[in-house]
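> Quick one: sequence and predicted model below, then my questions.
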Amino acid sequence: MTTIPFRWDQVGSLLRPEALKNAREQFKQGHISKEALTKVEDEEIIKIIEKQKEIGLSAVTDGEFRRRWWHLDFIAGLKGITVYDFETKAFGITTEAQGTFVSGKLAFNQAHPFLEHFKFTKEQAGDVLAKQTIPGPNMIYLDSFILSKQYHEQPAYEKREDFIQDLITTYQEAIQGFYDAGCRYLQLDDTSWGGLFDERFRGMIQQNGYNPDELIQEFGDITEAVLAKKPADLAVTFHFCKGNFQSHWLYDGSYDLIAERLLSITEFDGFFLEFDDERSGSFEPMKHIKDQRLVLGLVTTKTPELESKELLKKRIQEAAQYVPLEQLCLSPQCGFSSTHEGNKVSEADQWAKLRLVVETAKEVWPND
């Protein structure tokens, strides 16, 4: 198999087409059935896969078209999770949102709908590799356990160690489940690591009785345990951004605090990391990487302006001062539609940026 991640790659989510948005709203209002919504989802996923092939991507996704959120739909499908609605201003805007908390014994659902969703994507991908994205385990640990008011009001576990073991087992079974469904390229999206360097979130973590510096090690330990039983021919990558909600972000800070621990997780084949603006800091913390690939998220999905190819090449050379060029790859810094609303860019902007990634990478690494 060609080395994964690819020189030109993508994070996963794509802007929802109007036909899909309309169908989802009709379903929400009770005007169409679940079967009718699924039919529209199928049709739009087939179109989006063909579009990805057309522009030359080496791995295709379903655009996360069946999800409302990049993470919650997967987490909600697990056993022992409760979903609730609330209003948030966390991203600098007031909006409706959903959250989760651990309400019972956490376990993988062997009938998780994402397994069938992946089989459909793989079938439609044909000769091109189908990539599956799911939220990483520490998303549950941070949001549904450590920071969850609902959890602390009525804990589902007497011992934190028992929860952590169940979390690890849940993800080991999930990884095996996707493998058995035919997946050979799995990505763990885990933005929770941002809470370990963002000052506001570090304060919240401390208020809940946890030490964010100790959690850096623990997040790494949990992730390594989750990956310990992965099949040898399954490529698993890690993606991190500082939040991606309608072109707004959540976390501030650089990679300095987390880089050494995160990049030491050699079970990952590569890391998709955000480097699209000055908030990311320098490439210097990347010096801690081992022999994994580093996918530079230099093309932003938050704004429509198209980056210059010359600037991207310059930034890649800057990164090569800390990580050998042969270990580097290029992608957008995040998906284009981490939630069903999507970022403040058009579909034309989206495809232009993805084409730019492909064209630039082919020029930087002409032998790939």
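Structure's in. What do you need?
> count of residues packed around residue 35?
Neighbours of residue 35 under the rule other Cβ atoms under 10 Å: 7. Yep, even glycine has a C-beta here, placed from its N, CA and C like the rest.
> Make sure residue 306 is actually in contact with residue 352.
Yes. If you go by Cβ atoms under 8 Å, residue 306 and residue 352 touch, sitting 5.5 Å apart.
> So between those two, which is more surrounded?
Set side by side, residue 306 and residue 352 give different neighbour counts by other Cβ under 10 Å, the larger being at residue 352 (16 against 13).
> So for the helix or strand where the more buried one lies, what gets flagged as buried?
Using DSSP states H and E, residue 352 falls within helix 347-364. The neighbour-count check on helix 347-364 (16 or more other Cβ atoms under 10 Å) flags 349-358, 360-361, 364 as buried.
> Now do the contacts for the nearest residue to residue 4 once chain neighbours are set aside.
Excluding the flanking residues, the one nearest residue 4 by Cβ to Cβ, 6 or more residues apart in numbering is residue 235, at 3.7 Å. Neighbouring residues of residue 235 by Cβ atoms under 8 Å, 6 or more residues apart in numbering: 1, 4, 5, 184, 185, 186, 269.
> can you pull the contacts of the closest residue to the fourth one other than its chain neighbours?
Counting by Cβ to Cβ, 6+ apart, the nearest residue to residue 184 once its immediate chain neighbours are dropped is residue 234, at 5.8 Å. Residues in contact with residue 234, defined by Cβ under 8 Å, 6+ apart, are 175, 179, 183, 184, 185, 186.
> quick check, nearest of the residues you listed to residue 288?
Of all the contacts of residue 234, residue 186 has the smallest distance to residue 288: 23.3 Å, by Cβ to Cβ.
> how far out from the middle of the chain is whichever strand or helix holds the closest one?
Secondary structure assignment for residue 186, by DSSP H and E: strand 185-189. Chain-centre distance of strand 185-189: 7 Å, with Cα atoms, centre = their mean, to the nearest Å.
> Now do that strand: everything it contacts.
Residues from elsewhere that reach strand 185-189, judged by Cβ under 8 Å, 6+ apart: 4, 11-12, 59, 70-71, 129-137, 139, 175, 178-179, 223, 234-240, 272.
> before we move on, back to that, separation between the residue nearest to residue 4 and residue 117?
19 Å (Cβ to Cβ, to the nearest Å).
> Next: residue 241.
23 Å.
> Compare those two (neighbour count), which wins?
residue 241 (25 against 22).
> tell me the contacts of that one?
Going by Cβ under 8 Å, 6+ apart, residue 241 touches 11, 191, 249, 274, 297, 333, 334.
> Against residue 104, how distant is it?
For residue 241, the distance to residue 104 equals 30 Å [Cβ to Cβ].
> which residues sit against the helix holding residue 352?
In contact with helix 347-364 (Cβ under 8 Å, 6+ apart) are residues 7-10, 14-15, 17, 51-52, 55-57, 299, 301, 304, 306-307, 309, 312-313, 316, 325, 329-332, 336, 345, 368.
> switch to 7 Å and redo it
Identification of contacts with helix 347-364 by Cβ atoms under 7 Å, 6 or more residues apart in numbering yields 7-8, 10, 14-15, 55-57, 299, 304, 306-307, 309, 312-313, 316, 329-332, 336.
> Chain neighbours aside, what residue packs nearest to residue 77?
The nearest residue in space to residue 77 (Cβ to Cβ, 6+ apart) is residue 112, at 4.6 Å.
> In the protein, where is pLDDT below threshold?
For the chain, the stretches flagged by pLDDT under 70 are 1-2, 86, 88-95, 243-251, 277-280, 342.
> All the helices of it, residue numbers only.
Ranges of helices in the chain, per DSSP state H, are 18-28, 34-54, 72-76, 113-125, 137-141, 149-153, 160-180, 199-207, 212-227, 259-263, 309-319, 347-364.
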